[in-house]
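# From the sequence below, what's the structure:
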Amino acid sequence: MTFLNSALLAALSLGLIPILIHLLNRQRFKQVEFPTLRFLQEMQRQKMRRVKVRQWILLALRTLAVVALVLAMARPVLKSEAGIIGGGEARASVILVLDRTASMSTESEGGTRFRELQVRAQEIVKSLGSNDEIQLVWADATPTVYPDSPTQHRALIGEAIEAATTSEAGGSLIDAVGMARSLLGKSQNLLKEVYVLSDFSASAWPDELPQVPILPDDVRLYVLPVGSAQGANIGVTSSEIISRLIVPGRSVELGFELTNSSDSDVKDRIVSVYLDGKRVAQTRISLGAGETREERIRFVPESVGELSGYVRLEDTDTFAGDDIRRFVLRVPGRLNVAVAGSDGPSRRLTALALDPTSRGESFIHVLELSALQLEAEDWNVFDALFIVDAPQFSGAFAERARAYLHSGRGIFIAGGPNFDARSHSAWMQSIGLPAASGVEQLGESGIKWSKVDLDHPLFEGVFQDKPVDVSPEFKQRFELTRGTSGAASIIESSDGKAFLVEATQGRGRALFLNSSPDPDWSTLYRTGIFSPLMTGSAAYLAGTGGAGMDYTLTVGKPAEIILRNSDQLQYDLVKDALSTRLTAVPVTGGQLVKFPALESTGEYLLKQEGRTVKAIVVNIPEEESEVQAVANEEMFALLGGQISELSRLQSIESTIREGRYGRELWKLFLYLALGLLVTEMLIARTPKKDSLAPELA
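So this is what the prediction gives:
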């Protein structure tokens, strides 16, 4: 046992005061013998024995009470292992691991979880010794240390805690505690302590937990949960444009996911969809406790261009950070399409199907080119290429075609009487399509489609009801090589052979129509499916739909986006009045733009020379919606060290002292002193019958 206020032990001499008082109060009287008083003397002798016993007991009680009071003020403690090793005034290395991720903004009884964390962290700092060395580790996606080296200035640490705010990003307690171990490994102090303050929600833990404890056994670990273990939260965890064909004036389908992470059901929650700042759709959702549901909703964009929107829960809850989920929608005002091939019926009919006005006034603007003219053009100005009845291309065509597909655009290929199948086979196979060989004559009766994948995006919005027969008659088609991997059939004939094949290359797609719109080859040109198939192919190959997910980023995580080639490599990422300069790197298929880990959610614009190139949106991490505490003793044990869990009502100062120096006994000695004084008071009350005065008859 040791004493925190050992200087007060000198006051133990005060225990002599009751003895001195007792000695000073002793009176000696001169004895005079009276024979007649012998009987009274005998009675007095018997009484005095009891009085002296009582006096000695009172003297002992008073002396012990004074000693107990002095010991209580000296603050005795039973030494812990840390106190034995380091001594009562040993310097300690202290690391505070603090959680400021998005879930910490969840409302609680005292405001928010993070505000409660700040209050508790300040209590810890004030309870530390003046010579303790302190550092903060913020449990961000990449743990942040403050200051760079340990400091004894508690005021500096307190100011940093008070000035901090929650981020919109996620984080990892495992990584933060690992950083704390690394910092403590550089310390020469014998006492080492780590304090972890967090809501310990599911988002704070990685999917794969460590197999061995992180902290060594000589480190004392204190975990302080903040906020309530449960929270009523419904969040929008994802949103995505489902439609693959985006055309002005046509409805767009949006998919989104809602998660109810609370323990109670919710009914009739209003969910709205906003696009370009305007509400364009609304619905009501009911979710059971713990339920996750995917919903779809349609709306018609009122404008064109690079648009950003969001799905929003109109009724707020304890965690507002996941009530909004943003998305990007590109509605092209116009598609520029090159139709290249021999100047014949196949090329002209295809161009007419894409642009019925032939004056460039429709949604799709067509430029008819010969094969040689196409190779001389700058393909960056085209959203899609249609190669119809082209005789042949140069050897450099294959590489350009692959790069074009990697940029996220597409190529449509159809045959015809001038289509040189042998010369085209090499580059078609290089982009994943089966190669065409000889022409197969199908007879006078021809052949029809028997299997059409009507769920493919090419036919999105074309049919209100499932059609019975949409097939033209084909009189000629190409023989296709087999064994091509990655190619998928969209349309097949009754004999199982493919008529329309799709292949992917990078982010782009290629379609091959195994015949021709030429009147000598088929009746495709005069069927109702021809124009929708061509315009749908143009919009599909231009990548106007699903590409929006490429421009949806997560706060706190770096990202990469491939853009189409441009004359310059410099871009500006703009949000409100803030701008960040980004430099692209030329790659196959375009330019690679690397985005740093953005610190805030919202809508951004990627600009080049003042012109908007892309709309970019940033959302919070999906896992931050899981605001319920999931930590248990087994998970805490993975953090390692000598673990102590502090409840919200537990005194931090006393816990720190007990951990360092041992269990304080001052309360025990104080209660002992009070007990001794009460006992002394009861014994000191002498009953009348025990008085030494003689009783009158």
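
# Distance check, Ala597 against Lys667.
When Cβ to Cβ, to the nearest Å is the yardstick, Ala597 and Lys667 sit 51 Å from each other. All C-beta atoms are positioned from the backbone trio N, CA, C, and that covers glycine.

# Neighbour count: the two, which is higher?
Counted by other Cβ atoms under 10 Å, Ala597 and Lys667 do not tie: Ala597 has more neighbours, with 15 against 10.

# To which secondary structure element is that one assigned?
In the assignment (DSSP states H and E), Ala597 maps to no helix and no strand.

# so what's it up against?
Under the criterion of Cβ atoms under 8 Å, 6 or more residues apart in numbering, the neighbours of Ala597 are 141-142, 169, 555-558.

# For the protein, which segments count as helices?
17-24, 38-74, 81-86, 113-127, 154-163, 173-184, 345-354, 371-376, 397-406, 421-430, 530-541, 633-637, 652-661, 666-684 (DSSP state H).

# Please identify which of these is closest to Glu460.
Each of the helices of the chain was scored for nearness to Glu460 using Cβ to Cβ, and the closest is helix 530-541 (7.1 Å).

# starting at the chain centroid, how far to the closest one?
Put simply, helix 530-541 sits 39 Å off its chain's centre (Cα atoms, centre = their mean, to the nearest Å).

# same check, this time on stretch 556-573
Taking Cα atoms, centre = their mean, one finds the center of stretch 556-573 at 24 Å from the center of the full chain.

# Can you list the buried residues in that stretch?
For stretch 556-573, the buried set under the neighbour-count rule, 16 or more other Cβ atoms under 10 Å, comprises 556, 559, 561-566, 571, 573.

# Max pairwise distance over those residues: which two?
Greatest spatial distance among the buried residues of stretch 556-573 (Cβ to Cβ): Gly556 and Asn565, at 30.1 Å.

# So for stretch 206-219, mean pLDDT?
Within the predicted structure, the mean pLDDT of stretch 206-219 is 87.

# Let's see it as PDB, backbone CA atoms only.
Taking C-alpha atoms only, stretch 206-219 is exported to PDB below (Å, rounded to 0.1, in the frame of the first residue of the first chain):
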ATOM      1  CA  PRO A 206     -13.900  -3.700 -41.100                       C
ATOM      2  CA  ASP A 207     -15.400  -6.800 -42.700                       C
ATOM      3  CA  GLU A 208     -12.400  -8.900 -41.800                       C
ATOM      4  CA  LEU A 209     -11.300  -8.500 -38.200                       C
ATOM      5  CA  PRO A 210      -7.700  -9.200 -37.100                       C
ATOM      6  CA  GLN A 211      -6.800 -12.700 -35.900                       C
ATOM      7  CA  VAL A 212      -4.600 -11.600 -33.100                       C
ATOM      8  CA  PRO A 213      -4.900  -8.700 -30.500                       C
ATOM      9  CA  ILE A 214      -3.400  -5.400 -31.700                       C
ATOM     10  CA  LEU A 215      -2.000  -3.900 -28.500                       C
ATOM     11  CA  PRO A 216       0.600  -5.700 -26.300                       C
ATOM     12  CA  ASP A 217      -0.300  -6.800 -22.800                       C
ATOM     13  CA  ASP A 218       1.700  -4.000 -21.100                       C
ATOM     14  CA  VAL A 219      -0.700  -1.300 -22.500                       C
END
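
# Just the residues contacting that stretch, thanks.
Stretch 206-219 has contacts (Cβ under 8 Å, 6+ apart) with 172, 174, 177-178, 180-181, 184, 192-194, 221, 635, 637-642.

# rerun that using 10 Å as the cut-off
81-82, 85, 93, 95, 172-181, 184-185, 190-194, 221, 623, 634-643 (Cβ atoms under 10 Å, 6 or more residues apart in numbering).

# Met534 touches Leu500, doesn't it?
No - between Met534 and Leu500 there is no contact, the gap being 11.8 Å when judged by Cβ atoms under 10 Å.

# who has more neighbours, those two?
Set side by side, Met534 and Leu500 show unequal neighbour counts under other Cβ under 10 Å, the larger going to Met534 at 27 against 23.

# Quick check: the gap between the more buried one and Glu440.
Distance, Met534 to Glu440, by Cβ to Cβ: 23 Å.

# pLDDT score for Gln570?
Confidence at Gln570, expressed as pLDDT, is 93.

# dump the residue contacts of it.
With contacts taken as Cβ under 10 Å, 6+ apart, Gln570 has the following neighbours: 581-584, 608-609.

# Which one (most neighbours) among those residues?
Ala584 (20 neighbours).

# Tell me who's in contact with it.
With contacts defined as Cβ under 10 Å, 6+ apart, the neighbours of Ala584 are 561-563, 565-566, 568-571, 590-594, 608.

# For it, which non-adjacent residue is spatially closest?
Spatially, and ignoring its direct neighbours in sequence, Ala584 is nearest to Gln591 (3.8 Å; Cβ to Cβ, 6 or more residues apart in numbering).

# What pLDDT does the model give the one you found?
87.

# Over to the one 3 residues further on?
Among the per-residue scores, Lys594 holds a pLDDT of 94.

# still on that earlier bit, I'd like the contacts of Ala597 as JSON lines, with distance to Asp207 and pLDDT appended.
Putting the contacts of Ala597 into JSON lines (distance: Cβ to Cβ, whole Å; pLDDT from 0 to 100) gives the following:
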{"residue": "Ala141", "distance to Asp207": "15", "pLDDT": "87"}
{"residue": "Thr142", "distance to Asp207": "18", "pLDDT": "90"}
{"residue": "Ala169", "distance to Asp207": "17", "pLDDT": "91"}
{"residue": "Val555", "distance to Asp207": "19", "pLDDT": "93"}
{"residue": "Gly556", "distance to Asp207": "17", "pLDDT": "90"}
{"residue": "Lys557", "distance to Asp207": "15", "pLDDT": "91"}
{"residue": "Pro558", "distance to Asp207": "20", "pLDDT": "93"}
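
# Just send the residues you listed back as a markdown table, with distance to Glu460 too.
Supplementary listing: the contacts of Ala597 in a markdown table, determined by distance: Cβ to Cβ, whole Å:
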| residue | distance to Glu460 |
| --- | --- |
| Ala141 | 38 |
| Thr142 | 42 |
| Ala169 | 36 |
| Val555 | 32 |
| Gly556 | 35 |
| Lys557 | 32 |
| Pro558 | 34 |
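
# Please narrow these to those residing in strands.
Mapping the contacts of Ala597 onto strands (DSSP state E) picks out no residues; all lie outside.
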